[in-house]
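>>> Sharing a model that was predicted from the sequence below.
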There are 2 protein chains.
Amino acid sequence: MLKLTKKADYGLMALKFLAEHPETPAFSAKDLADAYGIPAQLLAKILQRLTKTGLLRSHAGMNGGYALAREARTISAYEVIHSIDGPFFITSCTKGAKSCELTPNCTIKEPLARVNETIAGVLKSISIQDLAEHEPAAAKPAEAHKLVALTP
Amino acid sequence: MLKLTKKADYGLMALKFLAEHPETPAFSAKDLADAYGIPAQLLAKILQRLTKTGLLRSHAGMNGGYALAREARTISAYEVIHSIDGPFFITSCTKGAKSCELTPNCTIKEPLARVNETIAGVLKSISIQDLAEHEPAAAKPAEAHKLVALTP
DNA sequence: CTAAACGCGGACCTAACCAGTCGGATATTC
DNA sequence: GAATATCCGACTGGTTAGGTCCGCGTTTAG
Ligand code: SF4
Ligand code: SF4
């Protein structure tokens, strides 16, 4: 539950790798896959999705491959996840096609939607560049309460 | 992906309901299930889990049922989710039993662990009481960047 | 005392979903 | 035109989430 799909995971890895090598014009799907041991064909499809949503630029033919379409700093983790796995919803009531049938009576829906927004905000605040640079450091979850405006 | 399980969802609903009726000594699983249209037996098992982890107190026999073991204010959404679905991990590398085999090479693991911590923090900052009171209001995702200490 | 109402907990089944694969088509370079 | 590439839909196998069943222990009303 609440797990990121591996596809999104792989996508982030690939984008990070590209961000770390800005001078190289392009990497093929196989290059990227081999760099981490990811199944090549799977990664290929992920990169295609990212291309279609405008995060990557692709070039077929020899010496072709993928490159970032925008600055690493301007690509957020949220965009990557959204591109690969579709819209981001923490609950099953997506309000679109097949939401859970107790949506009308549900009293918990709105608060959770708020939480959903919050998490999305966190994801949006993280750029590929952030992933590429800096080594680990202690997180600061102490300020977490500032984020949630449940009692405005 | 990144979806809350319905079990956790149901658990939160039930706890919220209990928080809204502090005067009533106990509600049976069936009462709670009927109140929302949740499958009774399923809810029952969820409540049992919550009891085992100390969030609820149960009482068998006629007029038995469940009641909050602690103040609604002191029960966080994180505890509920953790009780029902087990430890909270956004990635597949749980570092416990069967993590994904590219954990050693993975360069994205630590940053994501940080994100995981952040989200957990958000969840911890939300209490059952928060869910029970207050009607919807606009979230404030503008301050989201304050939370993520990727560049300390 | 006994039966109804309740919690407890494992086994089980099913549909959905995710990870990964295959096959073929198209585009680009050499 | 051969070698590399991206592109794209269809397919399969494994895992998990959601839900059910059934039998057991406990409490209390009558
Ligand atoms: S409606 Fe309520 S129960 Fe159904 S998914 Fe949304 S939050 Fe969960
Ligand atoms: S190790 Fe890297 S790839 Fe494997 S799950 Fe953790 S983050 Fe995702």
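Yep, that arrived. Residues are numbered from 1 along each chain as shown, chains lettered A, B, ... in the order given. Ligands and ions are numbered 1, 2, ... in the order given.

>>> counting contacts, what elements does the helix or strand containing A:K45 pack onto?
Taking DSSP states H and E as the definition, A:K45 sits inside helix A:40-52. Other helices and strands packing on helix A:40-52, by 3 or more Cβ pairs under 8 Å, 6 or more residues apart in numbering or on different chains; DSSP states H and E, are helix A:6-20, helix A:29-36, strand A:56-59, strand A:65-68, helix A:77-85. (Glycine included, C-beta is placed from N, CA and C.)

>>> Now with 7 Å, please.
helix A:6-20, helix A:29-36, strand A:56-59, helix A:77-85 (3 or more Cβ pairs under 7 Å, 6 or more residues apart in numbering or on different chains; DSSP states H and E).

>>> Other residues contacting that helix?
With contact meaning Cβ atoms under 7 Å, 6 or more residues apart in numbering or on different chains, helix A:40-52 is reached by A:7, A:10-11, A:14, A:29-30, A:32-33, A:56, A:58, A:66, A:83-84.

>>> 6 Å instead, please
Residues outside helix A:40-52 that contact it (Cβ atoms under 6 Å, 6 or more residues apart in numbering or on different chains): A:7, A:10-11, A:29-30, A:32-33, A:56, A:58, A:66, A:83-84.

>>> What ranges in chain A fall below the confidence cut-off?
A:95-98, A:134-152 (pLDDT under 70).

>>> Residue of it nearest DNA strand C, please.
Here chain A gets closest to DNA strand C at one residue, A:G61, 2.5 Å apart by Cβ to the nearest atom of the strand.

>>> what kind of secondary structure is that residue in?
coil (DSSP: H, G, I helix; E, B strand; the rest coil).

>>> next one: phi and psi at it?
phi 80, psi 180 (degrees, to the nearest 10).

>>> burial measure for it, as a count.
6 (other Cβ atoms under 10 Å in any protein chain shown).

>>> what's the spacing between it and A:L68?
Here A:G61 is placed at a distance of 19 Å from A:L68 (Cβ to Cβ, to the nearest Å).

>>> what do you get for A:C93?
For A:C93 relative to A:L68 (Cβ to Cβ), the value is 35 Å.

>>> Write out the residues of chain A neighbouring ligand 2.
A:D9 (Cβ under 6 Å from any ligand atom).

>>> Give the residue farthest from the middle of chain A.
A:N105 (32.2 Å; Cα atoms, centre = their mean).

>>> Disregarding flanking residues, what is the spatial nearest neighbour of that residue?
Leaving out its chain neighbours, the residue that sits closest to A:N105 by Cβ to Cβ, 6 or more residues apart in numbering or on different chains is B:Y36, at 5.8 Å.

>>> Could you list the buried residues of stretch A:72-91?
A:72, A:75-85, A:88-91 (16 or more other Cβ atoms under 10 Å in any protein chain shown).

>>> what sits up against it?
The contact list for stretch A:72-91, computed with Cβ under 6 Å, 6+ apart, reads A:5, A:7-8, A:11-12, A:19, A:49-50, A:53, A:55, A:112, A:116, A:120, A:123-124, A:126-129, B:1, B:4.

>>> any bit of that stretch sitting next to ligand 1?
Yes - using Cβ under 6 Å from any ligand atom, stretch A:72-91 reaches ligand 1 at A:T91.

>>> I am finished for the moment; much appreciated.
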